[in-house]
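Asker: structure of the sequence below:
(chains A and B)
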Protein chains: 2
Amino acid sequence: MTEVVDRPAGKGQRPGAASKPAPGPLRVQPAVDVEALGRQLLGKWADVRLQARELAARPELHKIEGLTHTEHRKRVFGQLRYLVENEAVHRAFPAALGGSDDHGGNIAGFEELVVADPSLQIKAGVQWGLFGSAVMHLGTAEHHAAWLPGIMNLDIPGCFAMTETGHGSDVASIATTATYDPSTEEFVVHTPFRAAWKDYIGNAATDGLGAVVFAQLVTRGVNHGVHAFYVELRDPETREFLPGIGGEDDGIKGGLNGIDNGRLHFTNVRIPRTNLLNRYGDVAPDGTYSSPIASPGRRFFTMLGTLVQGRVSLDGAAVAASKVALKAAIGYATERRQFNASSHTEEEVLLDYQRHQRRLFTRLATTYAAGFAHEQLLQKFDDVFSGAHDTDEDRQDLETLAAALKALSTWHALDTLQECREACGGAGFLIENRFASLRADLDVYATFEGDNTVLLQLVAKRLLADYAKEFRSVDFGVLARYVVGQATGAAIHRTGLRQVAQFMADTGSVQRAAIALRDEEGQRALLTDRVQTMVAEAAASLRGSNRLSQEKGAALFNRHQNELIDAAQAHAELLQWEAFTDALREVEDPGTRLVLTWLRDLFGLSLIEKNLSWYLMNGRLSMQRGRTVGEYINRLLVKIRPHAMDLVEAFGYGDEHVRAAVATGAEKGRQDEARAYFRSQRASGQAPVDEKVLLARTAAAKRS
Amino acid sequence: MTEVVDRPAGKGQRPGAASKPAPGPLRVQPAVDVEALGRQLLGKWADVRLQARELAARPELHKIEGLTHTEHRKRVFGQLRYLVENEAVHRAFPAALGGSDDHGGNIAGFEELVVADPSLQIKAGVQWGLFGSAVMHLGTAEHHAAWLPGIMNLDIPGCFAMTETGHGSDVASIATTATYDPSTEEFVVHTPFRAAWKDYIGNAATDGLGAVVFAQLVTRGVNHGVHAFYVELRDPETREFLPGIGGEDDGIKGGLNGIDNGRLHFTNVRIPRTNLLNRYGDVAPDGTYSSPIASPGRRFFTMLGTLVQGRVSLDGAAVAASKVALKAAIGYATERRQFNASSHTEEEVLLDYQRHQRRLFTRLATTYAAGFAHEQLLQKFDDVFSGAHDTDEDRQDLETLAAALKALSTWHALDTLQECREACGGAGFLIENRFASLRADLDVYATFEGDNTVLLQLVAKRLLADYAKEFRSVDFGVLARYVVGQATGAAIHRTGLRQVAQFMADTGSVQRAAIALRDEEGQRALLTDRVQTMVAEAAASLRGSNRLSQEKGAALFNRHQNELIDAAQAHAELLQWEAFTDALREVEDPGTRLVLTWLRDLFGLSLIEKNLSWYLMNGRLSMQRGRTVGEYINRLLVKIRPHAMDLVEAFGYGDEHVRAAVATGAEKGRQDEARAYFRSQRASGQAPVDEKVLLARTAAAKRS
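Answerer: You can find the predicted model right below:
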């Protein structure tokens, strides 16, 4: 912060903000360069993102509220055709088939569709991200040639039929079977009981002609685990189910009613042997099973790996929805006035209330953090799927990162949409302001493509596994980086995690308590130490569990389930904080960097405040310092206040994306009209006298 | 806990729960007497509540999902007639007009309608609780005779036209005027500008024929503040607006779409002088204003006092919705199995997972607390409205209690509905399970009839005012009671609050830290001390603010707004805890009392855990003791687990109230079918061998 800046403050800045004279040439003026920050937020796939936003701005793709679910489904199906016609959804497919092999760009564009209509985003995701993607990644050349063109151009609307009524997150336990019959060289796809019906399947209720069906592959009396099969569902002419196939409509849902989710079941449905999507496992005509991956467990996780792009895109869509909501609510809060606490004639702007700032700015900070973290996730995803970096380790890192970030950002979006709706009062509840509509649609993001609670357990298991590798690994990214950052000794770097604990112990609680909360390294140390300690404590509690019986081991694990999930969440929050901090380094404009640093500090301190009891109980912060956290957050809110509009402008969403009546300036227009009325009434001398004023005058007259 | 109990355990109890032999005759067996507890939960107006539930169970009153808002509005209007025909909505009205002057019973019955359809509850509330109630409480005999019969029998559907687009919570600032014209002995009702349009008004869009319009009463050049006027809106034949009246439909909302909310505006609409509802303020034919309440401020709050019944009933409805959701989600969690951690053949029941218990049982405990607190509120309300205890002080206590409890319980309902929906995974998102539907409908409960954040500020101001009375008052109920409970000295009782602080200081932090968390007095001391200290600290921070300029005083207040709201919340939580604890004393069955005491402890400890940093920072708990809170909560979860079904059964809601597919036992049926399938497959010897098992066998064969 040593540069001199002399350009004007950002347009959203209040006049008062810059009124304090800079004490010397070294003082940076806080001001957001909205255009430059906006460019940074667009990230690596800025062009694709801008194209997708241009598309999402078109009325043809917007959600119309109040349609019946039947009408809404029809509209969204039509919108899918519109996307095809506008070449918006083929980026991830092979160039040979008209795609562009662009995996990161594909997701970047896809997730922006959420601002048009989340049903459109998810229905497109079902068709191209799940159904098409399964054929592409699990199938081989013959499958690609046979089905991808029709999938890409929507001639074959289709399903990704994995989840069953009886099993959602636990995919390995699904009960649909595909039993090979060498006499006819066919698989017999079969649903043995009601719990094995495919359920919640997008495109299943009405539109799906084909499906990738996940089933236990059985050949020669051996169950080789879950594999994917291409199954034709409906006659393309009559749209009736083919023989042996049946289903049900899942009906109305809490949101996303533009998608026809439904149930499917199969009664000894015969499909050709070659309909097995055989990239990772094949059955020869005689029934011999073969796979390039010997371990059934590894094979299963490899096949499920394609699911990760769903999580990546939900993470991005959740961030986008949060941005749109915050732009509307913060904009409204700069106009709306209520209660005249500080003067008789002028009411307070909502955004000047401390509590209102706390409600919205803490969520603004988290949205920035989640956005920067999403960009890192997207790049990691592209590295893996483009083949640039796709070792097993890369894939595992991607899985963990996606699980951690998707869980946090989808919950965050729901929380933000709700807080924005409440911050706009009754107006927030009107569907014209979209908060309630977006919230309803995004609700299921918290449990589909991996239940958030289950995902955080996956993250926790990964943290434990890394810990258990006796700290040989440096996978445990942020901790390793912390060690590098904190200590220059190579010895500490080499020995990884254990050394962190030692380092923290050596420095002692007194010094730790003195770490400056506002300091980047201080925040990093506190956040990192918490993750490391929680993981170490959980690992210590679970020590020896592998020597117990399965039942006792599971019971021991269960007794620590809550703290494991908390540790995973702490890890994910640290990842977001690190991403925000990384992004600060890329901000060139010093004024922007100053404001964003405050916002990052607000994010970091909010995390520390949320978990303050942990820091106090574990001697990481003294009682005295603990009491300063809330006060420091309050000071940050005041600093950020003048830049709030710039920070939401930088998201780059226009009125055509926000589409909320509260965000149109109408409130300011109404207030100007009211003020003008009262002004002219006073000027005319016709204004009635307030009874209270009259009483005060009478009392004064009596006294004199 | 010294009684001997030998009756059988409750029906929801798992066999394992009672397997540990009692060590002696003094050990109480934990078991819930569902029937007795159910009776206690029904409270003072049990009969009315049961009648209302019987009505709410009828399909005629149930919400049909997927209707357009137009269809839904028509249905709900018809349901209002059904309520009239079934004599369900006249209890609060005067006996002379066919009512029964039963205020508490009226609310008890009314709030149960939420389980049929929240739109029905709120539309009935608009008609009889707001519109009719305003005529009854603000009008006089002539008004009652003229309009109450038509309001009661729904010949006059009407509006409570208070809120304006420009002013919601700040009612005193509404801008609609009613100016008296002595030449014609009429009031001229007028909307001066767009911000003064009445907005979000139920019955305004289509159904309302009449309205109670709140407007600034101006006569002889003096504005006497907000008064209520009866205004005819529409021609009963044509249903068209009368001359000078216009409006708009608020359109689709985030929920409650069975209600036709809309906007109204008035252009010099003339109404007879006698249409002023003149109980608290009147205008003589010559324009002379008179009022039985000299202070305009007190008059305003008296007139607004009728609003409190809305808050009371929302509090009760929020609790009812939470109960229904928890019954469905906890029931499902006892059937649903997922992941086989502890054995190869049997998956875990969701409710045996620690995290699942935490998610649902903490909310179950809060629901019990909120329910007991609501019953106290309802009795207080009845005391005031029946005239049994209706001093100014009683009314103020009622206002504060209603504000505090409504804020907490409505937020709690949203949180509980969401957690229950997520706890049921994808099934939770299907509208057939109602979580999403109820959540959407109840969303606005957090901001209507008083925005929760604004309500908590009212509570905070009351706490400050009580504190400022130099502790003379014993209004500050729970604290006074705490002092009485803790110390026998009359001196301590007499001097109230200050003495509490002294008492806490004398006992010292070491002793405080040793307070047993599981002990009732320990929890009470911790919760009470926190409220008292927060209020005292806020008061100290604000000291002298009344000597500052209005602007500076407001700024000082604003810098402490967040902590004031937190203090109000802590106070409200303490009220809930006290109500739960009071209720324990009324439980006669020792086994039930034991289980409920665990649940109360879970509630108390969850509050302490949530605010643990405060207790640590302020020396109320040592680091060591702080670390035991989470562990003790985990132990309580395990203890409560066998009684969870009994605890939700005691709510007394049947399948006809819950109406959720997940709560029908269908899941258990599907699992039984699946298990039977696998069992018979194994018995037949036809089950395929798992590839993993085969590989293990091969490896073993190689080794031998």
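Asker: where's the closest residue in space to A:L599 that isn't next to it in sequence, which helix or strand?
Answerer: What sits nearest to A:L599 in space, not counting adjacent residues and going by C-beta to C-beta, 6 or more residues apart in numbering or on different chains, is A:A365, at 4.8 Å. For every residue, glycine as well, the C-beta is placed using N, CA and C. According to DSSP states H and E, A:A365 maps onto helix A:354-385.
Asker: by contact count, what packs against that helix?
Answerer: Contacts defined by 3 or more C-beta pairs under 8 Å, 6 or more residues apart in numbering or on different chains; DSSP states H and E place helix A:354-385 against helix A:103-112, helix A:308-335, helix A:392-423, helix A:561-585, helix A:590-610, helix A:623-640, helix A:644-649, helix B:561-585.
Asker: go with 6 Å
Answerer: helix A:103-112, helix A:308-335, helix A:392-423, helix A:561-585, helix A:590-610, helix A:623-640, helix B:561-585 (3 or more C-beta pairs under 6 Å, 6 or more residues apart in numbering or on different chains; DSSP states H and E).
Asker: angle of that helix against helix A:623-640?
Answerer: 90 degrees (axes from the mean of the first three to the mean of the last three C-alpha atoms, to 10 degrees).
Asker: list the buried ones in the helix or strand where A:F557 lies?
Answerer: Here A:F557, judged by DSSP H and E, is contained in helix A:550-559. For helix A:550-559, the neighbour count (16 or more other C-beta atoms under 10 Å in any protein chain shown) marks A:553-555, A:557-559 as buried.
Asker: repeat that for stretch A:685-704.
Answerer: So stretch A:685-704, judged by 16+ other C-beta under 10 Å, has buried residues A:688, A:691, A:694.
Asker: same check on stretch A:278-295?
Answerer: A:278-283, A:287, A:289, A:291.
Asker: also stretch A:426-441?
Answerer: The neighbour-count check on stretch A:426-441 (16+ other C-beta under 10 Å) flags A:426-431, A:433-441 as buried.
Asker: can I assume A:K123 is in contact with A:V76?
Answerer: Yes - the criterion here is C-beta atoms under 6 Å, and A:K123 meets it with A:V76 at 5.2 Å.
Asker: could the helices and strands packed on helix A:354-385 be laid out in a markdown table, adding mean neighbour count?
Answerer: Below are the helices and strands packed on helix A:354-385 laid out as a markdown table (neighbours: other C-beta atoms under 10 Å in any protein chain shown):
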| stretch | mean neighbour count |
| --- | --- |
| helix A:103-112 | 26 |
| helix A:308-335 | 27 |
| helix A:392-423 | 24 |
| helix A:561-585 | 22 |
| helix A:590-610 | 23 |
| helix A:623-640 | 18 |
| helix B:561-585 | 22 |
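Asker: got those helices as TSV, with mean pLDDT and distance to B:L401 columns?
Answerer: Formatted as TSV, the helices and strands packed on helix A:354-385 follow (pLDDT from 0 to 100; distance: least, C-beta to C-beta, whole Å):
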stretch	mean pLDDT	distance to B:L401
helix A:103-112	96	47
helix A:308-335	97	30
helix A:392-423	96	22
helix A:561-585	96	34
helix A:590-610	98	30
helix A:623-640	94	28
helix B:561-585	96	7
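Asker: okay, those in CSV with distance to B:A57 next?
Answerer: As requested, the helices and strands packed on helix A:354-385 are exported to CSV (distance: least, C-beta to C-beta, whole Å):
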stretch, distance to B:A57
helix A:103-112, 45
helix A:308-335, 38
helix A:392-423, 31
helix A:561-585, 38
helix A:590-610, 43
helix A:623-640, 48
helix B:561-585, 26
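Asker: nearest to B:I271, out of those helices?
Answerer: helix A:308-335 (33.9 Å; C-beta to C-beta).
Asker: returning to what we had before: between the buried residues of helix A:550-559, which is nearest chain B?
Answerer: A:A554 (3.7 Å; C-beta to the nearest C-beta).
Asker: what score does the closest one have for pLDDT?
Answerer: We have a pLDDT of 89 for A:A554.
Asker: now do the buried residues in stretch A:74-82.
Answerer: Quick answer for stretch A:74-82 (16+ other C-beta under 10 Å): A:74-77, A:79-80.
Asker: how far does that stretch sit from the chain's center?
Answerer: Centroid separation for stretch A:74-82 versus its chain: 25 Å, with C-alpha atoms, centre = their mean, to the nearest Å.
Asker: stretch A:80-94 too?
Answerer: 23 Å.
Asker: who touches that stretch?
Answerer: Residues outside stretch A:80-94 that contact it (C-beta atoms under 6 Å, 6 or more residues apart in numbering or on different chains) are A:55, A:60, A:98-100, A:102-103, A:105-106, A:124, A:128, A:152-154.
Asker: pLDDT on it, on average?
Answerer: The model assigns stretch A:80-94 a mean pLDDT of 95.
Asker: residue contacts, the residue of the stretch 201-350 of chain A found nearest chain B?
Answerer: In the stretch 201-350 of chain A, the residue found nearest to chain B is A:G254; the distance is 2.6 Å by C-beta to the nearest C-beta. Each residue near A:G254 by C-beta under 6 Å, 6+ apart is listed here: A:440, A:443, B:429, B:436.
Asker: which stretches in the stretch 1-150 of chain A count as helices?
Answerer: A:34-42, A:46-56, A:69-85, A:103-112, A:118-124, A:133-138, A:141-152 (DSSP state H, counting those that start in this stretch).
Asker: want to throw those into CSV with distance to A:D519?
Answerer: Output for the helices of the stretch 1-150 of chain A, formatted as CSV (distance: least, C-beta to C-beta, whole Å):
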stretch, distance to A:D519
helix A:34-42, 23
helix A:46-56, 32
helix A:69-85, 47
helix A:103-112, 34
helix A:118-124, 40
helix A:133-138, 44
helix A:141-152, 52
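Asker: quick one, which of these gets closest to B:R625.
Answerer: B:R625 lies closest to helix A:34-42 among the helices of the stretch 1-150 of chain A, at 45.5 Å (C-beta to C-beta).
Asker: quick one: buried residues of that closest one?
Answerer: For helix A:34-42, burial by neighbour count (16+ other C-beta under 10 Å) applies to A:34, A:37-38, A:40-42.
Asker: repeat for stretch A:261-277
Answerer: Neighbour-count burial for stretch A:261-277 flags A:261-266, A:269, A:271, A:273-277 (criterion: 16+ other C-beta under 10 Å).
Asker: is it anywhere near chain B?
Answerer: No - using C-beta under 6 Å from any C-beta of the partner chain, stretch A:261-277 stays clear of chain B, with a minimum separation of 8.4 Å.
Asker: what is the burial count for A:G43?
Answerer: 20 (other C-beta atoms under 10 Å in any protein chain shown).
Asker: quick one: buried residues of the helix holding A:A365?
Answerer: A:354-378, A:380-385.
Asker: one step back: identify the farthest-apart pair in the buried residues of helix A:34-42.
Answerer: A:V34 and A:L42 (12.6 Å).
Asker: how far is whichever helix or strand A:F300 is part of from where the chain is centred?
Answerer: Using DSSP H and E, A:F300 maps to helix A:296-304. Centroid separation for helix A:296-304 versus its chain: 25 Å, with C-alpha atoms, centre = their mean.
Asker: which ones are touching A:F160?
Answerer: A:130-131, A:212.
Asker: ok so it is a strand residue?
Answerer: Yes - the assignment for A:F160 is a strand, going by DSSP: H, G, I helix; E, B strand; the rest coil.
Asker: for it, give me the pLDDT.
Answerer: Looking at A:F160, its pLDDT reads 98.
Asker: what's the neighbour count on the closest residue in space to it that isn't next to it in sequence?
Answerer: Counting by C-beta to C-beta, 6+ apart, the nearest residue to A:F160 once its immediate chain neighbours are dropped is A:L130, at 3.5 Å. A:L130 has 25 neighbouring residues, counting by other C-beta under 10 Å.
Asker: again, but for A:T345
Answerer: Using other C-beta under 10 Å, A:T345 has 9 neighbouring residues.
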